[in-house]
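*Asks:* coords please:
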Amino acid sequence: MAAPRIKLDKKEAKKGDIVEVKALVAHVMESGQRKNAKGEIIPRKILNKFTCTVAGKEVFSADFEPAIAANPYIQFKFRATESGPVVLTWVDDDGSKIVGEDKITVS
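*Replies:* Residues are numbered from 1 along each chain as shown. Got it, this is the predicted structure:
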């Protein structure tokens with residue numbers, strides 16, 4: 001599986017600046033409502049939880065439902081308060097995680 005693509009509109013920010021995050025992750029997002037060629041239901045496999053932390057503190061989270069498209073794209077903003085890693089984590093139904101990381105410097 002390919003690493004998520006993450007883009008911060010600012011890698012360096014002043015304290016209090018708004019930083020926009022755009023992220024794309026490769027995932028099939030199978031809803032559990034389709035059938036295969038044999039007529040058997042394809043088991044549900046979706047990314048159901050997303051979180052973003054900056055310097056270890058959660059700044060954004062979302063719960064995903066089966067209606068989310070494959071290869072989900074997410075865009076959000078947070079207020080820069082301290083320097084550190086920006087960690088994006090997607091959690092699958094089976095508990096597996098896809099993690100991507102960038103870094104921001106706040107002055």
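
*Asks:* for the rest of this, base every contact and every neighbour count on C-alpha atoms.
*Replies:* Will do.

*Asks:* low pLDDT regions in the protein?
*Replies:* 1 (pLDDT under 70).

*Asks:* let me see the ranges of the strands in it.
*Replies:* In the chain, the strands defined using DSSP state E lie at 5-8, 12-13, 18-24, 47-54, 57-63, 73-79, 84-92, 97-106.

*Asks:* roughly how far apart are the spatially most distant residue from the centre of the chain and residue 75?
*Replies:* Here the centre of the chain is the reference, and by CA atoms, centre = their mean the most remote residue is residue 38, at 33.2 Å. Residue 38 sits at a distance of 38 Å from residue 75 (criterion: CA to CA, to the nearest Å).

*Asks:* mind listing what the spatially closest residue to residue 6 that is not a sequence neighbour touches?
*Replies:* If the residues on either side of it in the chain are set aside, residue 6 comes closest to residue 23, at 4.4 Å by CA to CA, 6 or more residues apart in numbering. Contact analysis of residue 23 by CA atoms under 8 Å, 6 or more residues apart in numbering lists 4-7, 73-75.

*Asks:* same check on residue 92?
*Replies:* Per CA under 8 Å, 6+ apart, neighbours of residue 92: 45-49.

*Asks:* now do it against residue 69, distance only.
*Replies:* Distance from residue 92 to residue 69, by CA to CA: 14 Å.

*Asks:* across the sheet, point out what pairs with the residue nearest to residue 6.
*Replies:* residue 6, residue 74 (DSSP bridges).

*Asks:* against residue 10, how distant is it?
*Replies:* As judged by CA to CA, residue 23 and residue 10 stand 14 Å apart.

*Asks:* also residue 17?
*Replies:* 9 Å.

*Asks:* the more surrounded of the two?
*Replies:* Legend: neighbour count by other CA atoms under 10 Å for residue 17 and residue 10, higher for residue 10 (17 against 14).

*Asks:* was I right about the more buried one contacting residue 19?
*Replies:* Yes - contact criterion CA atoms under 8 Å: residue 10 and residue 19 qualify, at 6.1 Å.

*Asks:* next up, the contacts around residue 55.
*Replies:* Each residue near residue 55 by CA under 8 Å, 6+ apart is listed here: 82-86.

*Asks:* now the buried members of these.
*Replies:* Among the contacts of residue 55, those classed as buried by neighbour count (16 or more other CA atoms under 10 Å) are 82-83, 86.
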